[in-house]
Structure formats: C-alpha cells, structure tokens
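> prediction below, plus the sequence it came from.
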Amino acid sequence: MLMRRVLFEELQRLRISDQFYKGEVFLNRDDKVNEHRHRDSQDEEVLVYQLYAAVHEQTQGELRIDGTPIWLFSCEVPNQGKELSNRTKKRRADLVGLRQDGSLVVFECKGPHNSKDSPLFSVLEGMDYLGCLLTENNVTRLNQGLQDWISQQRPQALGDNRFSSAVPDWPSFAIDPLAKHGVIVLAPQTYFDLHINDANGRSQDWWLLSNRFASSINSALDLDLDFATVDFGQGSADLLKLPT
C-alpha cells in the first residue's frame, strides 16, 4: 500500500533528524500516576496514567495484547527539543513500552468519546513520536535510563512507592535500534466505532494500515502498525477486530 510506504519513509527521515529531546528522556512519572489514578475523568492524559497504574499493579508491568507482552516502562515521554517552540516542547508519547526482542512500542491513547482525532490522525501522531524517540541520541538516553531504573542506581530520584517497580522476568532490557518497532492506537471500542465511517457514511479505511491487513496482501513493512481496544482500568488489551 502506498500510504504505508509513505509513512515508513517519513519515519526513517525522522530517525536521522536532529529532533531529539535536550533533557532527560526517561522520567519518573509516579507522582503524576498517584495524583490521577483515582480520579473520575475521561480526560485522555488522566486515562493514560490510570492505565499505566493498572498494568503495573495487575500484570507486573506487562500490557498483554492478544498474548504478546509489552513492558510499559514510562508514560508521557518527551521526544522533541524544548528549544523549538511552545508547540513542540509538549509533544510526548502517551505510553512507551518494550518487547522482549528489543523493539520499542509507542501507544497513542484516545478516550472513548474522542470524535475529533481519527485513528489515522492517531497513527500519524504515534509515528511522529516514535521516529523522534528512535534518533540515536534519544535511544542512548532511553537505554541508559532503563538500566538505571532497573538496577536502582538512583534510589533517591526514583522514590519509594514506584508503580513502575514491577519488572517482568526477562533476560535483558535494552532498545535494539535495528528491531521492528511499532505504533499501536489504544482506545475503547466506542472510539473506533465513532470513526468507522465519515459524516457521509463512507468508510474511512484507516484500519487498512494494520499490519494484520498488510500481511494478508504481502504489503508488510519493517514496522508494526495496529489498533487495540482497552478498558483504561484494566491491565490488558485486545487487538481490534478489523472490519470485513
């Protein structure tokens, strides 16, 4: 598919750009998790923190999507330079996870009633964040942060009651720049239902970007794109059932 090829080429361009974050990429968000975890809110930022807490409390930090474990190691992760502008300095990946093969997964999360941001727009957002996180500088910072986080070399900075203290029993934790990285749009079923058709009743066809569809027509790239449904209070998710 032409759209998938164009997206992949743009991701590769971002990876060799200078859009890395000047500060520390791997941040402790546990204070924010504590602040929002019991709030009754449909605000997407709050939902992100609540899902992060649920995954670390219920499933040892692993968000399993149809059986595949993805360790969520941070949320609201900065990825682009502070100095660029007020518009870009707040660009953050909602959730960032790691698979056992060293691939990075960026989750773009949407609330159940978000009628403004289509799944296609969400994929574009996620790929923008992923491309910047995969620049050489950001990968180096993330890998160092991961090792410090796991080995607890900075206990005063980490704090006492870390939600992210749940670490799966894996042999190693490191981002492999050569792995097949991915973007997953994560939202309740109602969000996807809102965007199946446009205002004129025509299919928006964003689901054609899914790797599952691309693989069926031999159009897969070295990049995972997919959609999954989630209850932000539960530590698991399911791949979205694609329209037929």
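The structure has been received and is ready for your questions. Numbers count the residues shown, from 1 in each chain.

> and for Leu239, the neighbour number?
Per other CB atoms under 10 Å, the neighbour tally for Leu239 reads 17. No exception for glycine: its C-beta is placed from N, CA and C like everyone else's.

> that one reaches Asp66, doesn't it?
Yes. Here Leu239 reaches Asp66: they are 4.9 Å apart, a contact under CB atoms under 8 Å.

> how close does the nearest residue to Val230 once chain neighbours are set aside get to Ile65?
Leaving aside its chain neighbours, Val230 sits nearest to Ala237 (4.2 Å; criterion: CB to CB, 6 or more residues apart in numbering). Distance, Ala237 to Ile65, using CB to CB, to the nearest Å: 5 Å.

> repeat for Glu57
Glu57 is 18 Å from Ile65, where distance means CB to CB.

> more neighbours, those two?
Ile65 (21 against 13).

> name the helix or strand of this structure that has the lowest mean pLDDT.
Lowest by mean pLDDT, DSSP states H and E among the helices and strands of the chain is helix 155-158, with a mean of 43.

> and the strand ranked longest in the chain, C-alpha only, in PDB?
The strand that spans the most residues within the chain, counting by DSSP state E, is strand 68-78. The C-alpha coordinates for strand 68-78 follow below in PDB (Å, rounded to 0.1, in the frame of the first residue of the first chain):
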ATOM      1  CA  THR A  68       2.100 -10.600  23.400                       C
ATOM      2  CA  PRO A  69       3.800  -9.000  26.400                       C
ATOM      3  CA  ILE A  70       4.800  -5.300  26.200                       C
ATOM      4  CA  TRP A  71       6.500  -3.900  29.300                       C
ATOM      5  CA  LEU A  72       5.300  -0.300  29.900                       C
ATOM      6  CA  PHE A  73       8.300   1.500  31.300                       C
ATOM      7  CA  SER A  74       7.100   5.100  31.100                       C
ATOM      8  CA  CYS A  75       4.300   7.400  30.200                       C
ATOM      9  CA  GLU A  76       4.100  11.000  28.800                       C
ATOM     10  CA  VAL A  77       7.600  10.600  27.400                       C
ATOM     11  CA  PRO A  78       9.200  13.700  25.800                       C
END
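
> which other helices and strands contact it?
In this structure, strand 68-78 makes packing contacts with helix 30-36, helix 44-58, strand 62-65, strand 92-98, judged by 3 or more CB pairs under 8 Å, 6 or more residues apart in numbering; DSSP states H and E.

> not counting its own residues, what contacts it?
Among residues not part of strand 68-78, those counted as contacts by CB atoms under 8 Å, 6 or more residues apart in numbering are 21, 23, 25-27, 29, 32-33, 45, 48-49, 52, 55-56, 61-64, 89, 91-100, 105, 129, 133, 146, 149, 164, 167-168, 170, 173.
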